[in-house]
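Colleague: Let's see this in three dimensions:
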Amino acid sequence: MKNKETINQQKWSAMKITGGRSKQYWYRLSPARRCSLFFQLLLSIIMLFFLNSTASATFGTPHIIYGNVLDADGLPSDKSNIDIYAYIPERPQEILDKYSVGCGYGLDSLSQGWLWFEAGNFASIWRAGEKARIIIVDPILNETGFADLVLDTSGSQIIPEMNFAYGDIVGPIALNAQVDGTVHAFIPEGTTNVTLTATIDDSISGNSNIQSAEYFVDTDPGNGFGTAMEPLDGIYDNPSEQVIASVNSSSWVNGSRHTIYIRGQDALGNWGTTHLVTVEITPASYQFMGFLPPITNDGSSVFKLGRTVPVKFQLKDGNGNFGYNGKGWLTLQQYIGDEPAGLPIPATSSGDSNNGNEFRYDGYDKLYIYNLDTKQLSAGKWKLIVTMENGRIFEIFIELR
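Modeller: Next up is the predicted model:
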């Protein structure tokens, strides 16, 4: 039975909530109606706060995600203890927390125990239909929790009530998935194997050591039924592990597209969200179509020393389609007259659009491109040497003045 002090506190709260309505009017309402009015007012307060604070999106489409959080004892968690995170598994490196713009936990005495995220402030623009995971952690009480939801176009979206549980119940995050060093690989038909790498990280989802990792192609067989991946350092013994596997791609045919998913499990048996990387299969052989302007294919190109020279070329398959046929690297050989001088050197790029001396493939224009920086070179004759990963070599002379 409620004591007198509790009843008086409830009456005083009711008078504040109704904004000056008489106690008689308030208590004539049914309990269900009073609960409904309280909840509506609470949401109104929260949304007014969102609209009049820094919660508006500074980058993408505004979309508030909000919800109530209770600890393992059913009480609001202390604001100074709780950590909150939100991420989209397809882009797990983009994480919002309570310090991000438009995000936080707890407002005032009426709305203590509520968290909110501004999805518009993810580094990349979110899309309706994408899944998001919300993680809550109270390291002081050693409690964790999570909720998954599908983003919609409502403008604001409530998360089902989130409850902490004792210990670590949240699986690790899979991120940095790559096939042969790229997030969207193009491999020629007949390639026997590709190298799959990723990172499995539990540091913000319980901080337990990683126990295992697995991958699957296209169709999910269920947690624990994928193909095992190995830790890069040989042993699973940390909350963050780099993992690796060799994936058999010998049966993948030209024109097909495959999605490889990776996920990890922590030492307490919690499986995490999946991360993915895409592989497209190209024809087995391509024809070199020559270098593209500003380089001419007769070897007469002359460029001013110190300028950036775009080195571009295209490959075409047997059906006449331009496309990708593996990685390519650019090296340079200086010539004096008709004789090479010294050894070939790796090219240096201008800006950060190229990685080392590796060509970048532009999927929109269907061409390879390398922005060659000539500042470190000397005037004279240079041979540009393109070496593809299948061993093919394409060469052209240019002159720097």
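
Colleague: Relative to L292, how far out is the residue nearest to T191 when sequence neighbours are not counted?
Modeller: Leaving aside its chain neighbours, T191 sits nearest to S249 (5.2 Å; criterion: C-beta to C-beta, 6 or more residues apart in numbering). C-beta: built from backbone N, CA, C; applies to glycine. According to C-beta to C-beta, to the nearest Å, S249 stands 30 Å off from L292.

Colleague: quick one: which of these two has more around it?
Modeller: Per other C-beta atoms under 10 Å, whichever of S249 and L292 has more neighbours is S249, with 21 against 17.

Colleague: pretty sure that one is touching N193, no?
Modeller: Yes: the criterion here is C-beta atoms under 8 Å, and S249 meets it with N193 at 6.1 Å.

Colleague: So Y236, which state does it fall into?
Modeller: Three-state call for Y236 (DSSP: H, G, I helix; E, B strand; the rest coil): coil.

Colleague: Actually, G120.
Modeller: Taking three-state DSSP as the rule, one finds G120 in the helix state.

Colleague: Check the one 4 residues further on too.
Modeller: Reducing the assignment to helix, strand or coil with three-state DSSP, the entry for S124 is coil.

Colleague: switch to numbering from 239
Modeller: That works, and once the first residue is 239, the last one we named lands at S362.

Colleague: residues near the residue nearest to it when sequence neighbours are not counted, how many?
Modeller: Residue nearest to S362 in three dimensions, not counting chain neighbours: R329, with 5.6 Å by C-beta to C-beta, 6+ apart. When neighbours are counted by other C-beta under 10 Å, R329 registers 15.

Colleague: related to what we said a few turns ago, quick check: phi and psi at the residue nearest to T429.
Modeller: phi -120, psi 10 (degrees, to the nearest 10).

Colleague: who touches A366 in this structure?
Modeller: Listed by C-beta atoms under 8 Å, 6 or more residues apart in numbering, the contact set of A366 reads 389-391.

Colleague: Just the buried ones from the residues you listed, in PyMOL syntax?
Modeller: A single PyMOL command is used to select the members of the contacts of A366 judged buried by 16 or more other C-beta atoms under 10 Å:
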select buried, resi 389
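
Colleague: And the contacts of A366, which is closest to D603?
Modeller: L389 (31.9 Å; C-beta to C-beta).

Colleague: pLDDT value on the closest one, please?
Modeller: Looking at L389, its pLDDT is 95.

Colleague: So E452: helix, strand or coil?
Modeller: Under three-state DSSP, the three-state class of E452 is strand.

Colleague: what's the burial count for V307?
Modeller: Neighbour count for V307, taken as other C-beta under 10 Å: 24.

Colleague: What of L387?
Modeller: Around L387 there are 17 other residues, counting by other C-beta under 10 Å.

Colleague: before we move on, what SS does it have?
Modeller: Following three-state DSSP, the label given to L387 is strand.

Colleague: So which bits of stretch 459-469 are buried?
Modeller: Neighbour-count burial for stretch 459-469 [16+ other C-beta under 10 Å]: 464-465, 467-469.

Colleague: Next, the contact list for the residue nearest to S362, please.
Modeller: 360-362.

Colleague: Return the distance of it relative to Q571.
Modeller: 41 Å.

Colleague: Let me know whether V388 touches R371 as I believe.
Modeller: No: the criterion here is C-beta under 8 Å, and V388 misses it with R371 at 11.0 Å.

Colleague: The two: which has the busier surroundings?
Modeller: Using other C-beta under 10 Å, the more surrounded residue of V388 and R371 is R371, with 20 against 10.

Colleague: which among the buried residues of stretch 459-469 gets closest to S538?
Modeller: Of all these, S538 sits closest to M467, with 51.3 Å by C-beta to C-beta.
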